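Q: Provide a 3D model corresponding to the input given below.
(2 chains)
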There are 2 protein chains.
Amino acid sequence: MRSRISRAVIPRLSIYYRTLLLHKSSEVVSSGELSDLTGCTPAQIRKDLAYFGQFGTPGRGYIVSDLKKKILEILGIDKNWNVALVGVGNLGTALLSYKGFKEQGFNITAVFDNDLRKIGKRLEGITIQDINGLRRTVKNKEIQMAIVAVPAEEAQKIVTTLIKAKLRAILNFAPIRPQVPKSAELINIDLSIELEKLTHFLRQKV
Amino acid sequence: MRSRISRAVIPRLSIYYRTLLLHKSSEVVSSGELSDLTGCTPAQIRKDLAYFGQFGTPGRGYIVSDLKKKILEILGIDKNWNVALVGVGNLGTALLSYKGFKEQGFNITAVFDNDLRKIGKRLEGITIQDINGLRRTVKNKEIQMAIVAVPAEEAQKIVTTLIKAKLRAILNFAPIRPQVPKSAELINIDLSIELEKLTHFLRQKV
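A: Below is the predicted model:
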């Protein structure tokens, strides 16, 4: 059943889950209440949650604890994941210092760079390793995901290296869109692109 | 003409621009070359760039310097923007230390928090201010944009405060989707949601 959940649903499940974490006051929540809290329509919410099968009670709502558990499982955040960070420039360093990943079960357990001045130094308690040691470390530390925070011109090469090391889930912050085979999933987050959407908006207003 | 550029085009323009920055070797670039470098189809590229009017030469390509200048202007990054950061927890602190914003013309010139233990302290050379002083500072420092990095349960209140202080462009990192009036633009970046898309992908593979 899992594989039939559409990709578009996942971000909304994340939002429902976070809303449920804030919704501590009652044991049951209706699609109408979830709608007020999330801004999604009740119909959309009912449709999304119907993927899980029948576990809402029509006219009453969903049992909060069951719903949270089910969403956690679907999202794959009912366990911890080991993450490799590649690139400890400005952004990589900032991401490494961000405690939110760990709180959500994402542990950065290995850090890589290609700068000889950085390799061997410690950052946030982790020794920066040569990217050449990636494959061995991924295996030894059972790393399943990678965060890429290298300059644009190095991103494709690094992503290819990650894929060869059997990493199949990559979060890319480099301002370019690397290609991956169909067997892997790569998500791009480009902070500059988001800011540029805002400046374009402001520019139109002038 | 500007206002007729569709919002979907903006992220691609950002990508074209970054690709052009890397493409230093020649004065002219064809849609085919841009396609190889960006992964967008040549037809898509020609369509996107046609918004600017006729300045490509059929069969030859686009003049790189003209294209860069035009895209910069459309994106609104041909000038510097003053940005307020609200919330200096883990993520806010990480974002403040990230030098990439400044490199792209986004200057964080004011920092706000509601924690009395933080207010008055200095971080990255900027004194943390009480959120109550927001309106005056926005005016005095000519701030045009805001980055929100507060906990989910405070995000809507902060966003409403920002809108009242006449800030119209907001980048929100809180894991919730605050509502804004139509006169404002709010973009959500939820790092956890992106990671959860990856873990869902990995979970399906098991």
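
Q: pull the helix or strand with minimum mean pLDDT from chain A.
A: For chain A, the helix or strand with the lowest mean confidence is strand A:56-57, at a mean of 66 (criterion: mean pLDDT, DSSP states H and E).

Q: middle-most residue in chain A, spatially?
A: residue A:171 (7.0 Å; C-alpha atoms, centre = their mean).

Q: Surely that one is in a helix?
A: No - read with DSSP: H, G, I helix; E, B strand; the rest coil, residue A:171 is strand and lies in no helix.

Q: Which strands or helices does the biggest strand by length in chain A pack on?
A: Counting by DSSP state E, the longest strand found in chain A is strand A:106-113. Of the remaining helices and strands, those touching strand A:106-113 by 3 or more C-beta pairs under 8 Å, 6 or more residues apart in numbering or on different chains; DSSP states H and E are strand A:81-86, helix A:90-97, helix A:100-103, strand A:126-130, helix A:134-140. C-beta coordinates here come from the backbone N, C-alpha and C atoms, glycine included.

Q: now do 7 Å
A: If you count contacts as 3 or more C-beta pairs under 7 Å, 6 or more residues apart in numbering or on different chains; DSSP states H and E, strand A:106-113 packs onto strand A:81-86, strand A:126-130.

Q: Let me know the angle separating the last one from strand A:81-86.
A: This means strand A:126-130. If you take axes from the mean of the first three to the mean of the last three C-alpha atoms, to 10 degrees, strand A:126-130 sits at 60 degrees to strand A:81-86.

Q: how about the strands in chain A?
A: Under the criterion DSSP E, chain A carries strands at the ranges A:28-29, A:56-57, A:61-63, A:81-86, A:106-113, A:122-123, A:126-130, A:145-148, A:169-172, A:185-188.

Q: Compare the mean pLDDT across these and name the weakest.
A: Sorting the strands of chain A by mean pLDDT places strand A:56-57 lowest, at a mean of 66.

Q: Identify the residue nearest residue A:191 in space, chain neighbours excluded?
A: Sequence neighbours aside, residue B:100 is the residue nearest to residue A:191 in space, at 6.7 Å (criterion: C-beta to C-beta, 6 or more residues apart in numbering or on different chains).

Q: cool, and residue A:159?
A: Nearest non-adjacent residue to residue A:159 (C-beta to C-beta, 6+ apart): residue A:178, at 4.0 Å.

Q: how about that neighbour, what does it touch?
A: Contact analysis of residue A:178 by C-beta atoms under 7 Å, 6 or more residues apart in numbering or on different chains lists A:155-156, A:159, A:172, A:186.

Q: between these, which is closest to residue A:72?
A: Relative to residue A:72, the closest of the contacts of residue A:178 is residue A:186; by C-beta to C-beta it sits at 23.7 Å.
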